[in-house]
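S.K.: I'd like to go over a predicted model; first the sequence, then the structure.
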Amino acid sequence: MTQDEAKRAAAEAALKYLVPGEVLGVGTGSTVNFFIDALAARKRDIRGAVSSSNASSERLQKLGIPVLDLNDAGTLSIYVDGADEANAQLQLIKGGGAALTREKIVAAASRQFICIADESKLVEVLGKFPLPVEVIPMARSYVARELVQLGGQPKWREGVVTDNGNVILDVSGLQIFDPLQLEEQIGLLTGVVSVGLFARRAADVLLLGAASGVRELKAGSSR
């Protein structure tokens with residue numbers, strides 16, 4: 001099974017969590033694109049979707065799925081999104097696609113967070129994938145210096161501007177043994193808009209595509 005096939009399998013497995021007649025949240029990225037495509041066959045069940053990025057909104061609209069503003073949608077039934085890394089506690093690193101702030105907002109507004117990925121994204125310790133941090137532009141250098149003090153090696157993702165008009169610092173060199181603590185610590189730095197650690201709002205379900213099929217992990221379970 002190729003990586004794309006594993007992603008597609010995980011994405012299609014998420015359809016069982018769809019709540020007919022309710023609004024869902026949709027994330028961003030290559031694995032989520034497979035999920036959006038799979039929604040085409042279930043359009044009649046979908047009242048609308050809240051998207052975490054302009055790119056996903058356009059993809060949903062092309063399928064004829066209404067894209068709603070979160071302020072009008074209320075609490076969402078589920079949020080389906082991918083991850084750059086995930087651990088056994090379903091804590092995640094996200095933001096490779098630079099949509100981490102909107103992803104955090106939509107995840108927080110959803111009753112259930114379904115994470116879809118291929119099996120390579122499951123790791124014992126988060127941090128091999130550089131941790132994205134969204135920063136207000138004028139604070140970029142200051143925040144970078146503070147991240148060095150925390151043991152990281154920040155690099156400005158030049159040429160990338162988020163949908164919110166901010167910049168991204170990718171922080172390498174971290175072994176994140178306490179994701180919740182680091183999420184809070186970086187989040188308190190002045191000028192930081194959001195950090196790509198999803199520990200405070202971890203996933204409820206992790207669907208991992210693999211050659212043997214789709215493995216399902218749930219919060220509080222090791223299966």
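M.R.: That came through, no problem.

S.K.: Report the buried residues of the host helix or strand of A55.
M.R.: Using DSSP states H and E, A55 falls within helix 54-62. Going by neighbour count (16 or more other Cβ atoms under 10 Å), the buried part of helix 54-62 is 55-57, 59-60. C-beta here means a position set from N, CA and C on the backbone, and glycine is covered the same way.

S.K.: which one of those sits closest to A10?
M.R.: The closest of the buried residues of helix 54-62 to A10 turns out to be S56 (Cβ to Cβ; 16.6 Å).

S.K.: Next one: the closest one from I114, what distance?
M.R.: 15 Å (Cβ to Cβ, to the nearest Å).

S.K.: Kindly report the same for G21.
M.R.: For G21, the distance to I114 - Cβ to Cβ - is 18 Å.

S.K.: Next: S141.
M.R.: Taking Cβ to Cβ, one finds S141 at 37 Å from I114.

S.K.: quick one, which of these two is more surrounded?
M.R.: Neighbours were counted for S141 and for I114 using other Cβ atoms under 10 Å; I114 has more, 27 against 13.

S.K.: I'd say R215 and K121 touch.
M.R.: No. R215 lies out of contact with K121 (Cβ atoms under 8 Å); the separation is 11.5 Å.

S.K.: higher neighbour count, those two?
M.R.: Between R215 and K121, K121 has the larger neighbour count (other Cβ under 10 Å), namely 24 against 15.

S.K.: Domain ranges for the protein, per the record?
M.R.: For the chain, the structural domains run 3-123+200-218, 131-196, going by automatic domain parsing.

S.K.: what's the pLDDT at M1?
M.R.: M1 is assigned a predicted lDDT (pLDDT) of 78.

S.K.: count of neighbours near the closest residue to it other than its chain neighbours?
M.R.: Take M1 and drop its neighbours on the chain: the residue closest to it by Cβ to Cβ, 6 or more residues apart in numbering is A211, 4.3 Å away. Neighbour count of A211, defined by other Cβ under 10 Å: 10.

S.K.: May I have the beta-bridge partners of D170?
M.R.: P132, K155 (DSSP bridges).

S.K.: Name all residues that make contact with it.
M.R.: Counting by Cβ atoms under 8 Å, 6 or more residues apart in numbering, D170 makes contact with 130-133, 154-155, 157.

S.K.: did I read that right, L15 in a helix?
M.R.: Yes. Applying DSSP: H, G, I helix; E, B strand; the rest coil, one finds L15 inside a helix.

S.K.: ok, it touching A40?
M.R.: No. Judged on Cβ under 8 Å, L15 makes no contact with A40 at a distance of 11.0 Å.

S.K.: Now for I136, how many residues are close by?
M.R.: Other residues lying near I136 total 16 when counted by other Cβ under 10 Å.

S.K.: any low-confidence regions in this protein?
M.R.: By pLDDT under 70, the weakly predicted segments of the chain are 221-223.

S.K.: For the protein, just list every one of the strands.
M.R.: Shown for the chain, the strands assigned by DSSP state E span residues 23-26, 48-51, 76-81, 85-86, 92-93, 110-118, 131-135, 153-156, 167-172, 192-195, 197-198, 205-210, 213-218.
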